[in-house]
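Asker: I'll drop the sequence and a predicted model, then ask my questions.
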Amino acid sequence: VLAGSPQLSDETRRLLDSLKAELIGKATTAGAIAEALEGRHVLHLIAHGDFRKQPVLLLEDDAGARKPSDKDEILTRWSAAQPRLIFLQSCRSDPEDRSWPAPGFGPLFVQRGAPAVVAMRDYVEMDAAREFAAAFYRALLATGEVDVAANAGRARIFRSKNGDWAIPVLYSRLRAGDRLWTPDPLRQSIQALATRLGEMREVRRPFPVEVTVVKDVEAAPRELEQPSSETRVDALATATQELASTAPITELIVLLGGRGRAKSALLRKLFADLAAATALSGGACPLLIRLADCDQSPDPTAAIAAAWAKSLDDYNVAYDGRALHEQLRKCGVRLLVDGDDDAGPGELPALLDRVKQFLKGNDRSALVTMDESTFVPGMFDRERTTVLMVQDLRADTLRGFLENYRSSEEDGAGLPAALQAALT
């Protein structure tokens, strides 16, 4: 990350650190960008741009002052690094108005050998550009096809009813169907499933789940005192923070609650969020499975691979079973295990044991949901487990959810009339 002269906020620095990003402390000159690009496959530039009879990017000089770019220097030096993809998140880096005698950066970089270039035809809102980029990279990592990724980015802006959907433009030397690179088969399946789940209303707008953190995993749920409302925390935020960490504090999180408490929906939302977060960072792979789908194999990795394959089958996601198995042996994993299933009480200890055996590998942790009626004291290791106990929602939490739901153009119409009237 070449941030340039403006000082980054502490929050941004912490985020970059969590992504294991290298921060280069130089001014964003054309030369510094060219040096940083050596050995890299992708250049993503966020900078002001314009078209003044020829394309211009607003970079910096050696002192950190603003400096309009020299087109020929940029084309020569950046092309020499031979990046596979150049993404110019810069206004008018390739304007639609062809009355100008000179082309924009898109075709110029392609002419110099770049396989693919994304540029902007006009002035573009930052929010629209961010939405496009997020959907673009998620689709690119899932498919490896840059044209599919560009269409996914435009569709994401279009669905948000933003007229900027036609501003991003793709130039490519690749033939239709050719891949910019071959995606990792495991991460490809993760992004494909996340895309399917992202279409579900319960994932777009999840029902809130409030929990308390239980320290004594040896205690039976019925023996726990009813906590005060002040001790309750949001289950999704709490689990996301822990599972997204590169160094989780706890190996296993158990989410306990009765049926109908939205635990399975929370797992799907959590999976989609972790998949989006790891799409670019390359962190531990989130896997959404059902406990009952872990097969009888004595090999815990094979058992988890079988359960993951069943999840993909359930949502009609294509995959290479052998490749998934091999990848699971090599990578960090965040298991999201739905234990609210038809597994009999006699099967639970063996199924949970496969999960716990799998977690003994490097960089692995899990969240398991369970009906509180199936929880048995002594089932989990006290030192390595945190229990989240689902509680009744506070009135203000529920009302806030319903208010936000009603204000949604996409989902608000689905709110039952009785609830609409109650809120009014």
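Answerer: That came through, no problem.
Asker: where's the most centrally placed residue in the chain relative to residue 128, distance?
Answerer: In the chain, the C-alpha closest to the average C-alpha coordinate belongs to residue 276, at a distance of 0.8 Å (Cα atoms, centre = their mean). Using Cβ to Cβ, to the nearest Å, one gets 18 Å for the distance from residue 276 to residue 128. (Each C-beta comes from the backbone N, C-alpha and C, glycine too.)
Asker: And the helices in the stretch 1-150 of the chain?
Answerer: 10-18, 30-37, 71-80, 105-111, 126-143, 146-159 (DSSP state H, counting those that start in this stretch).
Asker: can you check the stretch 201-350 of the chain too?
Answerer: Using DSSP H, counting those that start in this stretch, helices in the stretch 201-350 of the chain cover 201-204, 235-243, 263-281, 300-314, 321-328, 348-358.
Asker: so can I have JSON lines of the ones you listed showing distance to residue 398 and mean pLDDT?
Answerer: Putting the helices of the stretch 201-350 of the chain into JSON lines (distance: least, Cβ to Cβ, whole Å; pLDDT from 0 to 100) gives the following:
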{"stretch": "helix 201-204", "distance to residue 398": "16", "mean pLDDT": "85"}
{"stretch": "helix 235-243", "distance to residue 398": "14", "mean pLDDT": "85"}
{"stretch": "helix 263-281", "distance to residue 398": "15", "mean pLDDT": "85"}
{"stretch": "helix 300-314", "distance to residue 398": "30", "mean pLDDT": "94"}
{"stretch": "helix 321-328", "distance to residue 398": "39", "mean pLDDT": "86"}
{"stretch": "helix 348-358", "distance to residue 398": "32", "mean pLDDT": "88"}
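Asker: Just put the ones you listed in JSON lines and tack on distance to residue 140.
Answerer: Conversion of the helices of the stretch 201-350 of the chain to JSON lines gives the following (distance: least, Cβ to Cβ, whole Å):
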{"stretch": "helix 201-204", "distance to residue 140": "21"}
{"stretch": "helix 235-243", "distance to residue 140": "24"}
{"stretch": "helix 263-281", "distance to residue 140": "9"}
{"stretch": "helix 300-314", "distance to residue 140": "20"}
{"stretch": "helix 321-328", "distance to residue 140": "19"}
{"stretch": "helix 348-358", "distance to residue 140": "30"}
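Asker: check contacts around residue 131.
Answerer: Going by Cβ atoms under 8 Å, 6 or more residues apart in numbering, residue 131 touches 153, 156, 157, 160, 162.
Asker: How far does stretch 162-175 sit from its chain's centre?
Answerer: If you compare the mean C-alpha spot of stretch 162-175 with that of the full chain, they lie 22 Å apart, counting by Cα atoms, centre = their mean, to the nearest Å.
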